[in-house]
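Participant: what follows is a protein structure lacking sequence information:
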């Protein structure tokens, strides 16, 4: 069974920082995003793949333009 959670930019940014992922400034740009996104998870972003986390971060960063 697959679970999906809705996360905001601040939550994604915190996980990016924890994993030390992305280019400089990506986490702060994502944190400013007013949007939310869906990620497959059982409630903990540590079980989300790096690829999906970065894709979500890039989509949230686009919404700040």
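Facilitator: Okay, I see it. Quick caveat: nothing in here was measured; it's all calculated off a predicted structure.

Participant: biggest helix in the chain, by residue count?
Facilitator: Determined from DSSP state H, the single longest helix within the chain is helix 50-62.

Participant: which parts of it are buried?
Facilitator: 53-54, 56-57, 60-61 (16 or more other CB atoms under 10 Å). Glycine gets a C-beta too; all of them are placed from N, C-alpha and C.

Participant: chain center to that helix: distance?
Facilitator: Computed by CA atoms, centre = their mean, to the nearest Å, the chain-centroid distance of helix 50-62 equals 6 Å.

Participant: now the buried residues of helix 50-62 as JSON lines including pLDDT and distance to residue 35?
Facilitator: Below are the buried residues of helix 50-62 laid out as JSON lines (pLDDT from 0 to 100; distance: CB to CB, whole Å):
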{"residue": "53", "pLDDT": "96", "distance to residue 35": "15"}
{"residue": "54", "pLDDT": "96", "distance to residue 35": "16"}
{"residue": "56", "pLDDT": "95", "distance to residue 35": "10"}
{"residue": "57", "pLDDT": "96", "distance to residue 35": "11"}
{"residue": "60", "pLDDT": "95", "distance to residue 35": "6"}
{"residue": "61", "pLDDT": "93", "distance to residue 35": "10"}
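
Participant: could I get these in JSON lines, plus columns for distance to residue 27?
Facilitator: Listed next are the buried residues of helix 50-62 as JSON lines, based on distance: CB to CB, whole Å:
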{"residue": "53", "distance to residue 27": "11"}
{"residue": "54", "distance to residue 27": "11"}
{"residue": "56", "distance to residue 27": "12"}
{"residue": "57", "distance to residue 27": "8"}
{"residue": "60", "distance to residue 27": "10"}
{"residue": "61", "distance to residue 27": "9"}
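
Participant: of the residues you listed, which is the nearest to residue 8?
Facilitator: Residue 8 has its nearest neighbour among those in residue 60, at 8.4 Å by CB to CB.
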